[in-house]
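Engineer: Sharing a model that was predicted from the sequence below.
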Amino acid sequence: MQFPELVPHAVVTLSRRGVSLIGEREARLLDAVERVRSIKDAASEAGISYRTAWSAIQQMEQALGRPIVVSRAGGPGGGATTLTDECRRLLALYHDLKRRLEEALMQVWQQSPEAAAEAGD
């Protein structure tokens, strides 16, 4: 038993024109924005500062050349930030690709001699 309970994980990053667009951190942030409808609260949930979250959103928007979030100012109903439809599609693409890559990686891993040796220990 050389490496007990060893499990591979894939790291997925989508890039555009050589510029990183969305990776794990950005996906966590966007998922949180979708849930809590606030960049500030989403940043906290994603474990990053508001400044880092806002910077990440601006970088994604610059790389795409268009907005990924829509913010509505507060008032009687309160403010809210939502993802654009295009951003939702991008996030879904990211999650689908990551899921399929993880599944393929696990199939390859289970067929590897190292995994077979670990299972036999």
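Structural biologist: Now that the structure is in, tell me what you want to look at.

Engineer: Could you use CA atoms for every contact and neighbour count after this?
Structural biologist: OK.

Engineer: what's the burial count for Leu30?
Structural biologist: If you count neighbours by other Cα atoms under 10 Å, Leu30 ends up with 28.

Engineer: per-residue confidence averaged over the helix or strand containing it?
Structural biologist: Element membership of Leu30, judged by DSSP states H and E, is helix 24-36. Mean pLDDT, computed over helix 24-36, is 97.

Engineer: Give the next helix or strand downstream of it.
Structural biologist: Sequence-wise, the next helix or strand downstream of helix 24-36 (DSSP H and E) is helix 39-46.

Engineer: ok, and what's touching the helix or strand following that following helix?
Structural biologist: Scanning forward in sequence from helix 39-46, with DSSP H and E defining helices and strands, the next element found is helix 50-64. Defining contact as Cα atoms under 8 Å, 6 or more residues apart in numbering, one finds that helix 50-64 is touched by 16, 19-22, 26, 29, 39-40, 43-44, 67-69.

Engineer: repeat for stretch 4-17
Structural biologist: Under the criterion Cα under 8 Å, 6+ apart, residues 20-24, 63-64, 94, 97-98, 101-102, 105-106, 109, 118 lie in contact with stretch 4-17.

Engineer: That stretch: end-to-end distance?
Structural biologist: End-to-end span of stretch 4-17 (Cα to Cα, to the nearest Å): 40 Å.

Engineer: roughly how far is that stretch from the heart of the chain?
Structural biologist: Put simply, stretch 4-17 sits 11 Å off its chain's centre (Cα atoms, centre = their mean, to the nearest Å).

Engineer: Tell me which residues of it come out buried.
Structural biologist: Residues of stretch 4-17 classed as buried under the neighbour-count rule (16 or more other Cα atoms under 10 Å) are 12-13.

Engineer: sorry, back to before: quick one: the helix holding Leu30 to helix 50-64, angle?
Structural biologist: Helix 24-36 and helix 50-64 meet at an angle of 100 degrees, taking axes from the mean of the first three to the mean of the last three Cα atoms, to 10 degrees as the criterion.

Engineer: Run through the neighbouring helices and strands of helix 24-36.
Structural biologist: Helix 24-36 is packed against helix 39-46, strand 80-83, helix 85-111, with contacts defined by 3 or more Cα pairs under 8 Å, 6 or more residues apart in numbering; DSSP states H and E.
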